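Asker: For reference, the sequence and a predicted model appear below.
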Amino acid sequence: MHAISPSLRWIATGIFLLFGAFSAPNGNFQLLVFALVMVTVGIPHGAVDHLLASSTTASPWKFYLRYLGIMAAYTLLWVLAPLLALFLFLFVSAYHFGQMHLETQAQGLVQKITYSSIGFGFLGLIVFGDWQASAALLSSFFTLPDLFPYRNWIGVGSMLLLIPLYAHYPKNPRIWLAISALAISLWVLPLYLSFALYFGFWHSLPSLKIEYIGLKAKGNVGDYTNFIRNLLPFSLLSLLGIGILLVAGMRYLEPNQLMLLFFILVSLITAPHVLVMDTYIEKEFKAKRGRFVA
Ligand SMILES: CC1=C(/C=C/C(C)=C/C=C/C(C)=C/C=C/C=C(C)/C=C/C=C(C)/C=C/C2=C(C)CCCC2(C)C)C(C)(C)CCC1
């Protein structure tokens with residue numbers, strides 16, 4: 001996995017751009033690619049959180065109670081204050097995305113702001129690159145201001161938020177080119193392809209690589225097959241839970257509302273997952289300088 005994933009990311013980027021060019025109007029095709037990516041790498045990348053946390057948590061039961069407790073609290077927040085829950089989801093996601101690009105220790109506030117800036121940069125390009133689709137999704141539940149006229153400026157702002165990532169690699173044109181190519185791809189692709197490309201190949205796959213290397217070094221998993229076997233139980237459980245709720249929702253909700261429900265359900269597992277990864281990265285990468293996985 002270590003050797004193949006960098007080139008795999010670029011092959012995926014090329015294929016997604018071809019998909020985008022030839023299938024843009026076909027919403028079903030986009031959704032199929034999106035679903036495939038979520039099922040194969042998106043959801044599974046969080047499914048070994050219990051193994052990653054095993055070195056920092058005294059008892060497994062404490063871990064599961066805390067994990068499920070955070071999910072329950074976040075569900076309550078969506079019910080009581082949906083807008084706050086959405087903003088929190090965006091902030092937490094941005095921090096987590098940025099952190100996984102740099103894999104550095106968060107030395108204080110500046111580093112945490114750096115992570116968030118990078119994450120918001122990529123999220124901004126994904127969400128505002130196809131604002132029509134994003135707005136349709138969000139406005140199925142929230143009242144939105146008309147941001148379409150500002151879309152290009154927000155795109156420029158998102159690129160500026162990526163400056164800390166460029167600055168992290170002074171005089172490294174190869175990495176700068178990689179960041180720029182990814183940013184442009186995310187901006188031009190339709191929403192679901194853009195999100196699937198970034199989340200699947202630039203976040204989940206590199207995260208799985210980090211998880212595999214770390215767990216193998218500690219003897220918690222064996223070869224790839226054993227790692228995949230460890231990913232299966234909680235991936236299947238989560239997919240089953242999400243699947244049941246989406247199928248139940250199909251009776252009452254419009255397609256865009258269902259899609260938003262999907263993101264809401266993902267946000268529930270995102271909250272504890274980000275905490276586990278934060279603790280893990282802080283501990284494991286103390287001595288290392290970060291790197292942009294290109
Ligand atoms: C271990 C465990 C488990 C499992 C877990 C898992 C499986 C996890 C996963 C995790 C995950 C899987 C995570 C994820 C993350 C994600 C993210 C972070 C995302 C983000 C996104 C966003 C932010 C979006 C945005 C948007 C768009 C794109 C469009 C428009 C709209 C909106 C704005 C929403 C269980 C629970 C069973 C049990 C206990 C233990």
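Answerer: Ah, there it is.

Asker: got the buried residues for stretch 155-163?
Answerer: Going by neighbour count (16 or more other C-beta atoms under 10 Å), the buried part of stretch 155-163 is 155, 158-159, 161-162. Quick note: C-beta positions are derived from backbone N, CA and C, even for glycine.

Asker: Check whether it comes into contact with the ligand.
Answerer: No. Stretch 155-163 is not in contact with the ligand by C-beta under 6 Å from any ligand atom; minimum separation 12.9 Å.

Asker: Check what contacts that stretch and list those residues.
Answerer: With contacts defined as C-beta atoms under 8 Å, 6 or more residues apart in numbering, stretch 155-163 is touched by 117-118, 120-125, 128-129, 179, 183, 187.

Asker: before we move on, what about stretch 134-141?
Answerer: 82, 127-128, 144, 147-148, 191, 254, 256-257, 259-260, 263.

Asker: let's see it at 7 Å
Answerer: Contacts to stretch 134-141, defined as C-beta atoms under 7 Å, 6 or more residues apart in numbering, come from residues 82, 127, 144, 191, 254, 256-257, 259-260.

Asker: if you look at these, which of them are in helices?
Answerer: Secondary structure from DSSP state H places 82, 127, 191, 256-257, 259-260 of the contacts of stretch 134-141 in helices.

Asker: quick one, helices of this structure?
Answerer: Listed from the start of the chain, the chain has helices (DSSP H) covering 5-23, 27-37, 49-52, 60-80, 82-102, 108-129, 131-138, 151-161, 163-167, 173-188, 191-196, 205-217, 224-249, 255-284.

Asker: Quick one: distance of the fifth one to the chain centre.
Answerer: This points to helix 82-102. In this view, helix 82-102 has its centroid 9 Å away from the chain centroid, taken as C-alpha atoms, centre = their mean, to the nearest Å.

Asker: Keeping just the C-alphas, turn it into PDB.
Answerer: Output of helix 82-102 as PDB, limited to C-alpha atoms (Å, rounded to 0.1, in the frame of the first residue of the first chain):
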ATOM      1  CA  PRO A  82     -28.400  22.200  13.400                       C
ATOM      2  CA  LEU A  83     -26.600  25.300  12.200                       C
ATOM      3  CA  LEU A  84     -24.100  25.000  15.100                       C
ATOM      4  CA  ALA A  85     -23.700  21.300  14.300                       C
ATOM      5  CA  LEU A  86     -23.000  22.100  10.700                       C
ATOM      6  CA  PHE A  87     -20.400  24.700  11.500                       C
ATOM      7  CA  LEU A  88     -18.700  22.500  14.000                       C
ATOM      8  CA  PHE A  89     -18.600  19.600  11.400                       C
ATOM      9  CA  LEU A  90     -17.000  22.000   8.900                       C
ATOM     10  CA  PHE A  91     -14.400  23.200  11.400                       C
ATOM     11  CA  VAL A  92     -13.600  19.700  12.700                       C
ATOM     12  CA  SER A  93     -13.400  18.300   9.100                       C
ATOM     13  CA  ALA A  94     -11.100  21.200   8.000                       C
ATOM     14  CA  TYR A  95      -8.800  20.600  11.000                       C
ATOM     15  CA  HIS A  96      -8.700  16.900  10.400                       C
ATOM     16  CA  PHE A  97      -8.100  17.200   6.600                       C
ATOM     17  CA  GLY A  98      -5.300  19.600   7.100                       C
ATOM     18  CA  GLN A  99      -3.700  17.600   9.900                       C
ATOM     19  CA  MET A 100      -3.600  14.500   7.700                       C
ATOM     20  CA  HIS A 101      -1.800  16.400   5.000                       C
ATOM     21  CA  LEU A 102       1.000  17.600   7.300                       C
END
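
Asker: quick one: residue 114 and residue 165 touch, right?
Answerer: No. Using C-beta atoms under 7 Å, residue 114 makes no contact with residue 165, being 8.5 Å away.

Asker: and stretch 221-241, does that touch the ligand?
Answerer: Yes. Stretch 221-241 lies within reach of the ligand by C-beta under 6 Å from any ligand atom, at 234-235, 237-238.

Asker: in the stretch 1-150 of the chain, what residue is nearest the ligand?
Answerer: residue 46 (2.2 Å; C-beta to the nearest ligand atom).
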